[in-house]
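Q: Prediction below, plus the sequence it came from.
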Amino acid sequence: MFSLAFGVGTKNSDGAWLEIYYPRPLLHPDQSIVDHLSTILDYPEGNYVIDLNDDMIDKLGEITEFEGIVELKESSKPVVLTLLERDSSPKSIPEAYLKLHLLSHRLVKPNTLNLEGIFGILPNVAWTDIGAVDPKELGILQLKARAAGRVLEVSSVDKFPKMTNYVVPSGVRIAHSARVRLGAYLGEGTTVMHEGFVNFNAGALGPNMVEGRISQGVIIKSGTDLGGSASTAGTLSGGGNTLISIGQDCLISANAGTGIPLGDRCTIEAGLYITPGTIVQLIDEHKNKLGIVKARDLAGQSDMLFIRNSQSGIVECRSNLKAIELNEMLHTNN
Amino acid sequence: MFSLAFGVGTKNSDGAWLEIYYPRPLLHPDQSIVDHLSTILDYPEGNYVIDLNDDMIDKLGEITEFEGIVELKESSKPVVLTLLERDSSPKSIPEAYLKLHLLSHRLVKPNTLNLEGIFGILPNVAWTDIGAVDPKELGILQLKARAAGRVLEVSSVDKFPKMTNYVVPSGVRIAHSARVRLGAYLGEGTTVMHEGFVNFNAGALGPNMVEGRISQGVIIKSGTDLGGSASTAGTLSGGGNTLISIGQDCLISANAGTGIPLGDRCTIEAGLYITPGTIVQLIDEHKNKLGIVKARDLAGQSDMLFIRNSQSGIVECRSNLKAIELNEMLHTNN
Amino acid sequence: MFSLAFGVGTKNSDGAWLEIYYPRPLLHPDQSIVDHLSTILDYPEGNYVIDLNDDMIDKLGEITEFEGIVELKESSKPVVLTLLERDSSPKSIPEAYLKLHLLSHRLVKPNTLNLEGIFGILPNVAWTDIGAVDPKELGILQLKARAAGRVLEVSSVDKFPKMTNYVVPSGVRIAHSARVRLGAYLGEGTTVMHEGFVNFNAGALGPNMVEGRISQGVIIKSGTDLGGSASTAGTLSGGGNTLISIGQDCLISANAGTGIPLGDRCTIEAGLYITPGTIVQLIDEHKNKLGIVKARDLAGQSDMLFIRNSQSGIVECRSNLKAIELNEMLHTNN
């Protein structure tokens, strides 16, 4: 069994799923749990979603790993058990949501799950102060709310909800939660400032300072600081095909960006964007010019300092003699 | 008759309008509707706002185009009919709000309405979880909420509300709704990501990927991708006097920007900002240098690729041989 | 007496403070008020927090400066009086919160308070639609809310709350309040657009247009326009050690940034980031080249225009002949 979880979710008026919340997903659950389940409910095999009644909930509540499930007995919303025998491409909304939860609960790292076709599976949802609403059913609800003297607050219309309404991992700060999607991975000690952004299946292994944008598929490793509005080129839209990752103790300064993966202890100066096609002058620690290369040929290397020479306009890659250290004060006591 | 709409709104304690919600505005309504109205209520002529009582609401409810109005009979807030005989500069808050609704309902395109003086007409409003509040009346409400153990959530203090609390057009995704003002125009198939922003009287004709900022008056045409933090120079503040528009199938890459209008199939590389005064080296597809021009002289032309040569620091405009295609997966099923 | 204020706040289930709201903080209160206080309650001396009972609240309510306090008599949350005899480094959460209020109420300017060690004092808090919650106590509340058919909205997990839920100073617009922390200083006539950001102990003296990021410790003076995504280098994370300030009537254009303090009437062109180490060609108003300097040597000077020559890639500092003027329309009637 790859994963299983109990959850509670929302359906539209046609009975189609809009979203599911899994408070305690399990990865590779013990076979004894799976065996116990088969005494409580009928599980055929494969990836499956089972509606739970109060009797089942009571029995599941006796299993340690299902702690809290009895809270859901009174729920007016559908309560389910989702089982993923294998990590195959998600075929249903409950499957897709379970995978996003696995990432945000830090049970799996980005780029290790099969998420093929997830955009086609996930429905577009209006995220409101009365919960998830099908956009097609929104108009009349807005009118009724106004008639009652209220405003129906629509904070997002998107296939992905904000992470913090589902998962708040330990030891993080997220200054503005609208910018972290469910499916983001935020390691212990990570601070995402107001300008930071983390897409699904992407993240920071922690501790990290994130004031820039972590695109889908991008990982930044411990000690790395992504400055304000710093960009990591994505592969979904506008960017290229190379998945970006950034190693440890790097500093991508404010308004800078990278379209190539970087190793450890790299720095990109403020305002400079390195694209794969940028032609770069290599300079050693004795200031000798070693020739030019395309930035893509430097992909994944460590100890690089990128600047644009302000006397010549030439983009240079120097040996990075001064790696950064995170300000410990900003990451302890998260 | 230019436009008419029924609405429900909020006034401050002095009886001054703060905002109005028009669920179903009409552009160029049929004369038969206007004639019918005159049998129900007293409409002198010109641009006019009429308070509606329950009897009027019942009679209006019999007109197809006023579907839903009867929901407002029980409203404790003022219900009105706003009529704009002509598209003259807005003279009242209900007029200004109706025009913003016309844009967001896609009934008119940006830059086609008379919005002269709208900043002076619109009041500043505290947008809270109990609705629109006059900033002058906010302090005591905040204190009372605290005394009652609650926090009065103030999500914005601005002349423009967020669009999604008034209009959610079909076929769009808006990952973070606080960044799209009422009066934005979002065409079918448009996705506004978390870093995207769309001002009033501005927009994307759709389908589009918007991860950058669409300033007041700016339009981007179908197939164009505005990358993360990409900037379109505005005319209200800090920018110049030229209204920017961007044609079809352009890519303004992450952290780039433009201060000139662009035609179709143009690309600006990541991190490069083209201002009207930027001196640009023209280069043809055979890499011949054709001379230099100011960027403003290239305004509105198509098939341009702008880069800063990383070996010389010179800004170049090359023939764009590789126009972008939007990732269809991200825009279908919106 | 340096400062005193009555407030109402939230504690976690262990009785530790999470946050305090002070509706009317006093700076340098009249000695007569302090004398009067000693007849009502027992104040030993030093910096002190006193729990108030209903009797004390009634008596304090008779003092003009404590107007509104009687509203808090019914409060189920703890009501306190916080007294700061001296502006020493904050030693408790109520002290730290009072200092943040002093800044946002414009009673003190940024960089004039002793805030040493404030990161260590302030607890991390989940800011939700049911108020401040200890992150350790969040999980079970989220589950219970879901069981009840609701979503517990977690808008931020941070040491600093948004300013507008505590203080909305007069004459400002804040298009998106999640981006202004308590402790920000916003002068009269300031507009913070959606892309603007203001950290604690930082701000705009007003009137100003803020579409970029004002880092901790940074001040911008009247008439200055900080363009979209413009960056001011901070000292907490990623930046250097020099505190940035920007004088009057400057324009830091969109996607630009500065790592040096600037005097009055300076302009940085769109997309250009000036770091302290940037080597700059000085050019006078007759276009004579005056030699090169490091940008840090220009710190605090006035009438500078920074551009990157698009024909040579050289960063130039020219005499700024055309200082900006704010668009008055955008700042009146705030």
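A: Arrived safely, thanks for sending.
Q: How about the residues of the stretch 1-150 of chain A by chain B?
A: A:119-120, A:123-124, A:126, A:129, A:135, A:138-140, A:142-144, A:146-150 (Cβ under 8 Å from any Cβ of the partner chain). For glycine as for every other residue, the C-beta is placed from the backbone atoms N, C-alpha and C.
Q: Now narrow those residues to whatever sits close to chain C.
A: A:D129.
Q: The residues of the stretch 1-150 of chain A next to chain B in helices, which ones?
A: Among those, the residues falling in helices (DSSP state H) are A:119-120, A:138-140, A:142-144, A:146-147.
Q: Show me which of the residues you listed is closest to chain C.
A: Checking those against chain C with Cβ to the nearest Cβ, the nearest one is A:L138 at 16.1 Å.
Q: So which residues of the stretch 51-200 of chain A form strands?
A: Taking DSSP state E, counting those that start in this stretch as the test, the strands found in the stretch 51-200 of chain A are A:79-84, A:125-128, A:131-133, A:154-158, A:173-174, A:184-186, A:191-192, A:197-198.
Q: So what's the model's average confidence on the fifth one?
A: In other words, strand A:173-174. The average pLDDT for strand A:173-174 rounds to 98.
Q: Repeat that for the third one.
A: Over the span of strand A:131-133, the pLDDT mean works out to 98.
Q: Is any residue of that strand near chain C?
A: Yes. Using Cβ under 8 Å from any Cβ, we find that strand A:131-133 touches chain C at A:131-132.
Q: cool, and the longest one?
A: No. Against chain C, strand A:79-84 shows no contacts by Cβ under 8 Å from any Cβ, the least distance being 9.0 Å.
Q: count of neighbours near A:T64?
A: Look at A:T64: counted by other Cβ atoms under 10 Å in any protein chain shown, it has 7 neighbours.
Q: For it, give its distance to chain C.
A: 16 Å (Cβ to the nearest Cβ, to the nearest Å).
Q: got it, and A:T191?
A: Taking Cβ to the nearest Cβ, one finds A:T191 at 8 Å from chain C.
Q: Same question for A:G223.
A: Distance, A:G223 to chain C, using Cβ to the nearest Cβ: 12 Å.
Q: go on, A:S310?
A: 4 Å.
Q: for the strands of the stretch 51-200 of chain A, which one sits closest to A:D225?
A: Taking Cβ to Cβ, strand A:191-192 is the member of the strands of the stretch 51-200 of chain A nearest to A:D225, at 9.9 Å.
Q: That closest one near chain B at all?
A: No. Shown here: strand A:191-192 not in contact with chain B (Cβ under 8 Å from any Cβ), separated by at least 11.7 Å.
Q: what packs against that strand?
A: Where contact means 3 or more Cβ pairs under 8 Å, 6 or more residues apart in numbering or on different chains; DSSP states H and E, strand A:191-192 is packed against strand A:173-174, strand A:209-210.
Q: What strands line up against that strand, and which way round?
A: Sheet pairing of strand A:191-192 (DSSP bridges) gives strand A:173-174 (parallel), strand A:209-210 (parallel).
Q: Take those strands and write them to JSON lines, including distance to C:D297.
A: What follows is the strands paired with strand A:191-192, written out as JSON lines (distance: least, Cβ to Cβ, whole Å):
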{"stretch": "strand A:173-174", "distance to C:D297": "37"}
{"stretch": "strand A:209-210", "distance to C:D297": "29"}
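Q: looking at these, which is buried most?
A: Mean neighbour count (mean count of other Cβ atoms under 10 Å in any protein chain shown) peaks for strand A:209-210 among the strands paired with strand A:191-192, with a mean of 30.
Q: going on from that strand, what's the next piece of helix or strand?
A: Proceeding N to C from strand A:209-210, the next assigned helix or strand is strand A:213-214, under DSSP states H and E.
Q: Surely A:A295 touches A:P276?
A: Yes. Using Cβ atoms under 8 Å, A:A295 is in contact with A:P276, at 5.7 Å.
Q: what touches both of the two?
A: Residues within reach of A:A295 and of A:P276 at once, by Cβ atoms under 8 Å, 6 or more residues apart in numbering or on different chains, are A:259-260.
Q: how close does the closest residue to chain C within the stretch 51-200 of chain A get to A:W127?
A: Relative to chain C, the nearest point of the stretch 51-200 of chain A is A:T164 (3.9 Å; Cβ to the nearest Cβ). Distance, A:T164 to A:W127, by Cβ to Cβ, to the nearest Å: 12 Å.
Q: top helix in chain A by residue count?
A: helix A:93-104.
Q: quick one: is it near chain C?
A: No. Figure legend: helix A:93-104 not in contact with chain C (Cβ under 8 Å from any Cβ); closest approach 12.5 Å.
Q: any idea of the mean pLDDT in that helix?
A: Across helix A:93-104, pLDDT averages out at 98.
Q: For that helix, output the C-alpha coordinates as PDB.
A: Extracted in PDB, the C-alpha atoms of helix A:93-104 (Å, rounded to 0.1, in the frame of the first residue of the first chain):
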ATOM      1  CA  ILE A  93      -9.900  14.200  -7.300                       C
ATOM      2  CA  PRO A  94      -9.500  12.400  -4.000                       C
ATOM      3  CA  GLU A  95      -6.300  10.800  -5.300                       C
ATOM      4  CA  ALA A  96      -4.900  14.100  -6.500                       C
ATOM      5  CA  TYR A  97      -5.600  15.800  -3.200                       C
ATOM      6  CA  LEU A  98      -4.000  13.000  -1.200                       C
ATOM      7  CA  LYS A  99      -0.800  13.400  -3.200                       C
ATOM      8  CA  LEU A 100      -0.800  17.200  -2.600                       C
ATOM      9  CA  HIS A 101      -1.200  16.500   1.100                       C
ATOM     10  CA  LEU A 102       1.700  14.000   1.100                       C
ATOM     11  CA  LEU A 103       4.000  16.700  -0.200                       C
ATOM     12  CA  SER A 104       2.900  19.400   2.300                       C
END
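Q: Helix, strand, or coil at the residue in chain A that chain B sits nearest to?
A: Of all residues in chain A, A:G313 sits closest to chain B, at 1.4 Å by Cβ to the nearest Cβ. Assigned by DSSP: H, G, I helix; E, B strand; the rest coil, the conformation of A:G313 is coil.
Q: okay, now the domains of chain A?
A: According to automatic domain parsing, chain A comprises the domains A:3-122, A:126-158, A:163-330.
Q: For the last one, what is the distance to the chain centroid?
A: Looking back up the chat, that one is domain A:163-330. Relative to the chain's own centre, domain A:163-330 is displaced by 16 Å; criterion: Cα atoms, centre = their mean, to the nearest Å.
Q: Equivalent analysis for stretch A:31-42, please.
A: Distance of stretch A:31-42 from its chain centroid, counting by Cα atoms, centre = their mean, is 31 Å.
Q: centroid residue for chain A?
A: What sits nearest the mean C-alpha location of chain A, by Cα atoms, centre = their mean, is A:A184, with 1.3 Å.
Q: Identify the bridge partners of that residue.
A: Beta bridges link A:A184 to A:A202 when assigned by DSSP bridges.
Q: Does it touch A:F197 like I think?
A: No. Contact between A:A184 and A:F197 fails when scored by Cβ under 8 Å: they sit 9.2 Å apart.
Q: Need the residues touching each of the two.
A: Joint contacts of A:A184 and A:F197 (Cβ under 8 Å, 6+ apart) are A:I214.
Q: helices or strands up against the longest helix of chain A?
A: Contacts defined by 3+ Cβ pairs under 8 Å, 6+ apart place helix A:93-104 against strand A:3-11, strand A:17-21, strand A:79-84, helix A:118-121, strand A:184-186.
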